[in-house]
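> how would this look folded up:
(chains A and B)
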Amino acid sequence: MIATKRADVVFVSHEATLTGAPVGLLQFLRWLRANTDLDVEVVLLEGGPIADAFEGVAAVRTLDDLTRSPAPQVLFLNSCFSAAALAESDFEGSYVIARIPELELAFDEVLRPEVRAALLSRADRFIAVADRVRRHLVDTHGVADEDVAIVHGSVPVDDVRAGLADIERARSAIGIPPGVPVVGGVGKRSWRKGADWFVQLAVDVVARCPFPVHFVWLGSHDESAHFRRLDDDVARAGLASRVHLLDDVPDPAGYQALMDVFVLTSREDPFPRVALEAAALGRPIAAFDSGGVEELLAHAHSGVVPYGDVEAMGERIVGWLEEPASARAMGDLLADAVCAKYDLKVGAPKLLAEIERGLS
Amino acid sequence: MTGDERLPRLVVVHDRATATEETVALVELVRSLVAGGAVRVEVLLHAGGPLREEIEQLAPTTVVTELEKTSRAAVVERVCFRLRLRRAGYKRRSRRLGFDIWGPGDAVYLHTILGVQALRYLPDRAPLVLCRMAKDIYPLRHPLRRGDLAKLLERVDRFLPVGAAGEATLRTEHRVAPARIEQIPELIVARDHRLADRTAERERLRHDLGIAPDALVVGSFGAFESDAPDLGVLLWSMLSRRLPAGRRVEMLWWYQQTGAGFWMNHDLESTGLAAHTHAIPVREEIGPYLELCDVLVLLTRESDYPYGFLECAAQGVPVLCFEVNELAALAALGDARHVAPYLDLASLADELCRLIGDGALAEDGRAMRDAVARVYGPEAYGGRLLEVVRAGSGAGT
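Sure thing, here's the model as predicted:
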């Protein structure tokens, strides 16, 4: 579909998977549709399971269509990988916004150098999803501080809800006995998400904790031999009855709410949505020093655990399990912070303001 | 012929008497068998070498390349081979070597598969033939010519692989019947003066790697993802947090850059351990690096282990591993704490710290060395070898 008129905003998503950046974009587009009359289009560089959902909220076009149509007023690159679009055109006349939900590993190591260079030279405005990301752009890549806005990631808090029945359904589906505490993590079973450390964490907590604890990881494996084999590791360590590695489920809130402690074992995660969702559900969060999550935890006067220090994380978790009141207090503080600062209702207008800068 | 003629005869075959670990082990095996007095030991070498004299002092020894060439029998044999009458030639050589007549209970033992040529000097049925399948994981892929490999597979009555991988290769790749396979533990003899002194090489390597003279070296080797480099990095970071101030420890890590390697490097950088970690690509010869290690940790998800670890243990280097590994029984002989439940890295880190911290390294190293000598030494190996010979002879093979 080659457009003859110039679109207000074209959003470019590098894929349409059930991962943070595409899901966040989809939610923002829904908000835009409900709250503005902007003429919005979407380009998906790769497909994925939520591609159809994008069709429901905006006109979805190919990159080829986009380059043959008049350049949009605002080109919104939803991740650094979306900047691959710049290889096809420099979109002269467009105001290019680059939203960056990536840190060193993805931005400096995985992103192709020519894409990175095009992104850094062409973007008129950068949106960092956390202060840590802003520092990376400014300190490492020389982006002018005034060209970077921080708009933290956000989630639609009203949609992240689970009742007691949802929680019990999840508990029953997994087969965790009533009353037994649960430590959980969410994400693809991959090196980046630290799913291997989750198993080590289970080993540590079981050794440390005087009462039974179960562990739930929600998220399918990344197809690599290593993570396909993680179940075998669990079994050989004698933890098969306590550690549950689950694939993605359609409605995860009940599973997330089941978690007495949410752990973020990622090796790199700029500002993870799963942590915001856990916080929205009032879960205490233990996280390695792996990105912007420290900015979330600061609201609960808590800090991150040193990178990869499984034992320190285990100690923290067991402390919370032994003193549920302190865990609840942390969860309450996080829930308040998400409502006040990281709800889509708060974050979306900030993103819109950045877009309106370009439109003006 | 010497010795008690009433005893069964055991001919030990080896390719050459060079100063290698294999030959030193063979010498000690011969010494042990002779001392045991249960068999009449003879040695057949295809070629000589520096250890030949020592072997000759232990048992009657024949070196094939030095057989006399002027007698009538030798000339006839040579003519047969020139006329491409190989079978007739081998038959004559068999007679010259005294390999044409065998009694009940007699046996031939090939110390390595390179001894395959000796099989051509033997009659088709007697004696019983045993062949040790040495430490390589794929023993029969050793550079044997096709005809030699076929001869080996056809004539050997009992293959003696030293590990599960060798047994699996025999059964699956070469379709050797299980009844012809007897897995026995490897023969390990500590390095001594008979082998080249590698001190200078070790010191050069240490210098090249930038390892300070007073630093202790922990070796953990995970070449592939199944060998758990991820666990190695975690263990290393746990250990570094436990080390007393001022204690210098360096990690040697034999690895291959796999998909996990990117993340492992990231972990090492992010935990500040990269400066004290020495990654040795798998293409390098592992031996010299192993010799730098004061203690070894094996974290593999597989059940087998690198034989280099056994050789180090024989030298008195404590080895730590998970209980699921084949090495666990031996590692525990150094100290029960050297073996941890699967994935229990904290226990291994505690144990490493104890070893490094209070001088237990030397004591446990001695225990390790003694244990290897007991379990893998020539007496143990020779005893098992004779058991297989007796069982094979009794079965009328």
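> so where's the chain uncertain?
With no chain named, the answer covers chain A. Applying pLDDT under 70 to chain A flags residues A:1-6.
> chain B was what I was after
Low-confidence segments of chain B, defined by pLDDT under 70, span residues B:1-3, B:136-143, B:223, B:256-257, B:395-397.
> for the spatially most central residue of it, which non-adjacent residue is closest in space?
Centroid check for chain B by C-alpha atoms, centre = their mean gives residue B:135 as the closest residue, at 4.4 Å. Closest residue to residue B:135 apart from its sequence neighbours, by C-beta to C-beta, 6 or more residues apart in numbering or on different chains: residue B:307 at 3.7 Å. Yep, even glycine has a C-beta here, placed from its N, CA and C like the rest.
> may I have the phi/psi pair for that neighbour?
When read as degrees, to the nearest 10, the backbone of residue B:307 gives phi -70, psi -20.
> OK, contacts around residue A:31?
A:156, A:344-345, A:348 (C-beta atoms under 8 Å, 6 or more residues apart in numbering or on different chains).
> mark which of these are buried, thanks.
A:156, A:344, A:348 (16 or more other C-beta atoms under 10 Å in any protein chain shown).
> now, the residues you listed that are in strands?
Among the buried ones among the contacts of residue A:31, no residue falls in strands (DSSP state E).
> tell me the contacts of the closest residue to chain A within the stretch 151-300 of chain B?
Closest to chain A within the stretch 151-300 of chain B is residue B:263: 4.1 Å, counting by C-beta to the nearest C-beta. The neighbourhood of residue B:263, defined by C-beta under 8 Å, 6+ apart, consists of A:191-192, A:267, B:230.
> quick one: which two of those are the most distant?
The distance between the two most remote of the contacts of residue B:263 (C-beta to C-beta) is 12.9 Å, for A:192 and B:230.
> neighbour count: those two, which is higher?
residue B:230 (21 against 18; other C-beta atoms under 10 Å in any protein chain shown).
> residue numbers of the stretch 101-250 of chain A in contact with chain B?
Residues of the stretch 101-250 of chain A lying near chain B by C-beta under 8 Å from any C-beta of the partner chain: A:105, A:109, A:191-192, A:196-197, A:199-200, A:203-204, A:207, A:224-226, A:229, A:232-233, A:236-238.
> now do 10 Å
Where the stretch 101-250 of chain A comes near chain B, counting by C-beta under 10 Å from any C-beta of the partner chain, the residues are A:104-105, A:109-110, A:190-192, A:194, A:196-197, A:199-200, A:202-204, A:206-208, A:222, A:224-227, A:229, A:232-239.
> separate out the buried members of those residues.
A:104-105, A:190-192, A:194, A:196-197, A:199-200, A:202-204, A:206, A:208, A:222, A:224, A:226-227, A:233-234, A:236-237, A:239.
> show me where the stretch 201-350 of chain A has helices.
Under the criterion DSSP state H, counting those that start in this stretch, the stretch 201-350 of chain A contains helices at A:225-228, A:230-236, A:253-258, A:273-280, A:293-297, A:310-322, A:324-337, A:344-359.
> next, format those helices as a markdown table and append distance to residue A:121.
Below are those laid out as a markdown table (distance: least, C-beta to C-beta, whole Å):
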| stretch | distance to residue A:121 |
| --- | --- |
| helix A:225-228 | 37 |
| helix A:230-236 | 41 |
| helix A:253-258 | 40 |
| helix A:273-280 | 29 |
| helix A:293-297 | 28 |
| helix A:310-322 | 40 |
| helix A:324-337 | 36 |
| helix A:344-359 | 17 |
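> hey, which of those is tucked in deepest?
helix A:273-280 (a mean of 26; mean count of other C-beta atoms under 10 Å in any protein chain shown).
> the nearest residue to residue B:390 once chain neighbours are set aside: how many residues sit nearby?
Nearest residue to residue B:390, sequence neighbours excluded (C-beta to C-beta, 6+ apart): residue B:105, at 7.5 Å. Residue B:105 has 17 neighbouring residues, counting by other C-beta under 10 Å.
> and residue B:105, helix, strand or coil?
Under DSSP: H, G, I helix; E, B strand; the rest coil, residue B:105 falls in the coil class.
> show me which positions of stretch B:244-260 end up buried.
B:249-256, B:258, B:260.
> among the residues you listed, which are located in helices?
residue B:260 (DSSP state H).
> greatest separation within the buried residues of stretch B:244-260: which pair is it?
Farthest pair in those (C-beta to C-beta) is B:249 and B:258. Separation: 25.2 Å.
> for the contacts of residue B:263, give me JSON lines that also has distance to residue B:162 and secondary structure.
Listed next are these as JSON lines, based on distance: C-beta to C-beta, whole Å; DSSP: H, G, I helix; E, B strand; the rest coil:
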{"residue": "A:191", "distance to residue B:162": "35", "secondary structure": "coil"}
{"residue": "A:192", "distance to residue B:162": "41", "secondary structure": "coil"}
{"residue": "A:267", "distance to residue B:162": "40", "secondary structure": "coil"}
{"residue": "B:230", "distance to residue B:162": "29", "secondary structure": "helix"}
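> of these, closest to residue B:25?
residue B:230 (35.4 Å).
> show me the contacts for the closest residue to the closest one other than its chain neighbours.
In this structure, residue B:230 finds its nearest non-sequential neighbour in residue A:196, 5.3 Å apart by C-beta to C-beta, 6+ apart. Contacts for residue A:196 (C-beta atoms under 10 Å, 6 or more residues apart in numbering or on different chains) come out as A:189-190, A:226-227, A:230, A:233, A:265, A:267, B:228, B:230-231, B:234, B:260, B:263.
> so which of those is the closest to residue B:298?
residue B:228 (9.2 Å).
> next up, the contacts around that closest one.
A:196, A:226, A:233, B:220-222, B:234-235, B:260, B:298-302, B:322, B:343 are the contacts of residue B:228 under C-beta under 10 Å, 6+ apart.
> residue A:97 should be in a helix, yeah?
No: looking at residue A:97 with three-state DSSP, it is strand, so not inside a helix.
> now do it against residue A:54, distance only.
Distance, residue A:97 to residue A:54, using C-beta to C-beta, to the nearest Å: 18 Å.
> just residue A:347 next, same as before
Residue A:347 is 19 Å from residue A:54, by C-beta to C-beta.
> if we can go back for a sec, check contacts around the residue nearest to residue B:390.
By C-beta under 10 Å, 6+ apart, the contact set of residue B:105 is B:7-10, B:39, B:127-128, B:389-390, B:392-394.
> of those residues, select the buried ones using a ChimeraX command.
Paste this into ChimeraX to select the buried members of the contacts of residue B:105, with burial taken from 16+ other C-beta under 10 Å:
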select /B:8,9,10,39,127,128,389,390,392,393
